[in-house]
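> have a look at this fold, sequence not included:
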Ligand SMILES: NCc1[nH]cc(CCC(=O)O)c1CC(=O)O
């Protein structure tokens with residue numbers, strides 16, 4: 001029986017996601033043995049710098065992709081939202097399993113609701129996407145950067161460093177946290193999720209046909225359609241962590257409804273558009289075109305130029 005080496009970052013969330021996916025493969029009767037090989041990525045080593053300042057998305061995947069090319073590993077389980085919009089030549093997404101909750105979770109000390117926080121309350125997030133959308137609802141909040149894994153962030157919250165924090169619901173649920181930890185789940189129309197949030201992407205070598213065929217068994221067609229629309233938007237907007245970018249698609253009987261958003265970091269300029277199509281690429285492209293036509297593309301270029309000086 002072929003032994004598949006699975007690469008994983010060594011964070012608790014990454015290892016949990018990897019183990020849960022391997023369990024699903026086993027339950028589907030996939031005829032392989034599995035061994036996990038832990039890989040430390042640049043993103044794991046940088047803890048105190050704002051991610052958007054040090055190069056964004058690629059940080060968590062580069063070392064893993066090198067290990068794939070070197071055949072040290074056969075596949076890796078990524079959070080889709082950490083994956084750049086274009087994969088290197090020779091690598092492929094073997095499957096996109098069913099999506100977890102895509103929403104952001106607002107967690108406050110004493111469960112004080114977002115609209116009931118005192119003026120100037122301190123909210124922790126390290127995501128420009130979350131902070132800019134939060135400022136649209138509560139412009140008075142004092143948003144401060146928070147880094148570290150889920151446990152670290154919760155500890156900082158409970159120690160009183162913050163009045164509230166925002167985390168992805170998917171990470172919390174996969175780690176086994178119960179819903180009562182969360183003060184409010186932010187609905188997607190008030191805080192549009194990150195591209196791919198809640199979804200996993202299984203990355204492998206494109207020429208490993210034997211593995212690709214087995215991975216395909218765990219593909220969730222609707223999640224894949226939705227994520228493809230979201231990632232087309234990301235690609236067309238030339239998205240990077242420097243600009244708040246968000247996107248979320250749902251699929252109903254083959255029809256994809258995709259909403260994309262770009263905003264300035266200060267949230268004084270926000271572009272949000274919707275497209276409906278049966279083709280995910282078209283859905284993503286139309287929203288990107290609409291937003292670009294209104295000045296969204298210039299906004300991205302401006303923010304990029306400013307952050308490079
Ligand atoms: N940015 C890190 C990251 N990448 C994926 C998740 C959670 C799981 C997911 O979104 O699929 C998280 C944590 C968070 O944003 O709270």
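Arrived safely, thanks for sending. Note that the structure is predicted; figures quoted are calculated from it, not measured.

> name the residue closest to the centre of this structure, please.
Per CA atoms, centre = their mean, the C-alpha nearest to the average position across the chain is that of residue 81, at 2.3 Å.

> the ligand contacts on the stretch 101-250 of the chain?
Selection of the stretch 101-250 of the chain residues close to the ligand by CB under 6 Å from any ligand atom yields 167-168, 170-171, 197-198. Glycine gets a C-beta too; all of them are placed from N, C-alpha and C.

> out of these, which is most surrounded?
Using other CB atoms under 10 Å as the neighbour criterion, residue 197 leads these with 27 neighbours.

> mind checking how far that one is from residue 133?
Remark: distance between residue 197 and residue 133 (CB to CB, to the nearest Å) = 13 Å.

> per-residue pLDDT, the residue in the stretch 1-150 of the chain positioned nearest to the ligand?
Residue nearest to the ligand within the stretch 1-150 of the chain: residue 79 (3.4 Å; CB to the nearest ligand atom). What the model reports for residue 79 is a pLDDT of 95.

> and it, what are its phi and psi?
With angles defined as degrees, to the nearest 10, residue 79 sits at phi -70, psi 120.

> same question for residue 270.
phi -130, psi 130.

> how about the one 4 residues further on?
Phi and psi for residue 274, reported as degrees, to the nearest 10, are phi -130, psi 150.

> quick check: it touching residue 256?
No. Contact criterion CB atoms under 8 Å: residue 274 and residue 256 do not qualify, at 10.7 Å.

> looking at the two, which one has more neighbours?
Remark: of residue 274 and residue 256, residue 256 carries more neighbours, 24 against 13, as counted by other CB under 10 Å.

> report how many residues lie close to the residue nearest to the more buried one when sequence neighbours are not counted.
Sequence neighbours aside, residue 283 is the residue nearest to residue 256 in space, at 4.7 Å (criterion: CB to CB, 6 or more residues apart in numbering). Neighbourhood size, residue 283 [other CB under 10 Å]: 30.

> name the element residue 283 belongs to?
helix 280-293 (DSSP states H and E).

> what comes up buried for that helix?
280-288, 290-292 (16 or more other CB atoms under 10 Å).

> just checking, next helix/strand downstream of that helix?
Next along the chain after helix 280-293, taking DSSP H and E as the criterion, comes helix 296-307.

> how far does that following helix sit from its chain's centre?
21 Å (CA atoms, centre = their mean, to the nearest Å).

> which strands and helices sit next to it?
Applying 3 or more CB pairs under 8 Å, 6 or more residues apart in numbering; DSSP states H and E, we find helix 296-307 packed against strand 255-263.

> mind doing that once more with 10 Å?
On a contact count with 3 or more CB pairs under 10 Å, 6 or more residues apart in numbering; DSSP states H and E, helix 296-307 meets strand 255-263, strand 270-277, helix 280-293.
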